[in-house]
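K.L.:
Need a 3D model of the following:
(2 chains)
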Amino acid sequence: GENVEQHPSTLSVQEGDSAVIKCTYSDSASNYFPWYKQELGKRPQLIIDIRSNVGEKKDQRIAVTLNKTAKHFSLHITETQPEDSAVYFCAATSWGGFKTIFGAGTRLFVKA
Amino acid sequence: DAGVTQSPTHLIKTRGQQVTLRCSPKSGHDTVSWYQQALGQGPQFIFQYYEEEERQRGNFPDRFSGHQFPNYSSELNVNALLLGDSALYLCASSLETGGWMGNEQFFGPGTRLTVL
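P.N.:
Below is the predicted model:
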């Protein structure tokens, strides 16, 4: 079945450093790749997304890259701040937009 | 503009019982997806409803069923509850744009189900 692998499971960085989270998906028909941030006890919230016809997208300190050939996509957070501390999930949505598979999550700690 | 709402917030049931969870989508949205999130895990796709029909299902048994109403709200029903059904159940709404590509999903706050 479809699968999304996410690494690392835990990431600890100093404030101001960059953080990179990597995901690999199995369904080559996936065409939409959202990233969600989930703070403790709260709902997942979309922080950035990318579609299969785009290789890179940036929004202020956050960027996502997609390599369709390798079925890899990555989240890059620059100039990290303590408020970036949370669990981040990557996901891949199948063609048609009917089914979204999530990775297991990365717990990011930003130390002040 | 109300976001996605879910009820109840918390629920405690015993094994073998049945439960119904409710979701109201964000205003203007017509598609509802349900997810199960176990502690420390990513959300697992249960199914998606559009035009009052289940149009895609994840790897969940038939004990999990759902419904979507004409006003786009949705229910998730779980029969014959097992201890392993204890989790946070999230619903997410989106707008179908017909482009055969996924669209942003907005999540509700979830219902925390505990099965004893």
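K.L.:
Going by C-alpha atoms from here, please, whenever you check contacts or count neighbours.
P.N.:
Will do.
K.L.:
For chain B, which residue is located at the greatest distance from the centroid?
P.N.:
For chain B, the largest distance from the centre (Cα atoms, centre = their mean) belongs to B:Gly99, which lies 23.2 Å off.
K.L.:
Just to check, that residue is in contact with A:Arg51?
P.N.:
No: assessed by Cα atoms under 8 Å, B:Gly99 is found out of contact with A:Arg51, at 11.7 Å.
K.L.:
Name all residues that make contact with the residue nearest the centre of chain B.
P.N.:
Against the mean C-alpha coordinate of chain B, by Cα atoms, centre = their mean, the closest residue is B:Trp34 at 2.7 Å. By Cα atoms under 8 Å, 6 or more residues apart in numbering or on different chains, the contact list for B:Trp34 reads B:Phe45, B:Ile46, B:Phe47, B:Gln48, B:Leu76, B:Tyr89, B:Leu90, B:Cys91, B:Ala92.
K.L.:
Could you find the closest non-adjacent residue to it?
P.N.:
Nearest residue to B:Trp34, sequence neighbours excluded (Cα to Cα, 6 or more residues apart in numbering or on different chains): B:Cys91, at 4.4 Å.
K.L.:
which residues touch the one you found?
P.N.:
The neighbours of B:Cys91, taking Cα under 8 Å, 6+ apart as the test, are B:Val4, B:Gln6, B:Cys23, B:Val32, B:Ser33, B:Trp34, B:Tyr35, B:Phe107, B:Gly108, B:Gly110.
K.L.:
which of those residues tops the neighbour count?
P.N.:
Highest neighbour count within those: B:Val32, with 33 neighbours (other Cα atoms under 10 Å in any protein chain shown).
K.L.:
show me where chain A has strands.
P.N.:
A:4-7, A:10-14, A:19-25, A:32-38, A:45-51, A:56-59, A:62-67, A:72-77, A:86-93, A:100-102, A:106-111 (DSSP state E).
K.L.:
got CSV for the ones you listed, with mean neighbour count too?
P.N.:
Formatted as CSV, those follow (neighbours: other Cα atoms under 10 Å in any protein chain shown):
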stretch, mean neighbour count
strand A:4-7, 19
strand A:10-14, 15
strand A:19-25, 21
strand A:32-38, 22
strand A:45-51, 19
strand A:56-59, 14
strand A:62-67, 19
strand A:72-77, 20
strand A:86-93, 26
strand A:100-102, 26
strand A:106-111, 20
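K.L.:
Quick check: which of these is nearest to B:Gln68?
P.N.:
Nearest of the strands of chain A to B:Gln68, taken as Cα to Cα: strand A:100-102 at 18.8 Å.
K.L.:
Mind checking the pLDDT average for that closest one?
P.N.:
Across strand A:100-102, pLDDT averages out at 95.
K.L.:
still on that earlier bit, what two of the contacts of B:Trp34 are the furthest from one another?
P.N.:
Within the contacts of B:Trp34, B:Gln48 and B:Tyr89 form the most distant pair, 13.5 Å apart (Cα to Cα).
K.L.:
Put together JSON lines for the strands of chain A, with distance to B:His10 on each row.
P.N.:
Formatted as JSON lines, the strands of chain A follow (distance: least, Cα to Cα, whole Å):
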{"stretch": "strand A:4-7", "distance to B:His10": "29"}
{"stretch": "strand A:10-14", "distance to B:His10": "28"}
{"stretch": "strand A:19-25", "distance to B:His10": "32"}
{"stretch": "strand A:32-38", "distance to B:His10": "19"}
{"stretch": "strand A:45-51", "distance to B:His10": "21"}
{"stretch": "strand A:56-59", "distance to B:His10": "36"}
{"stretch": "strand A:62-67", "distance to B:His10": "34"}
{"stretch": "strand A:72-77", "distance to B:His10": "33"}
{"stretch": "strand A:86-93", "distance to B:His10": "22"}
{"stretch": "strand A:100-102", "distance to B:His10": "24"}
{"stretch": "strand A:106-111", "distance to B:His10": "25"}
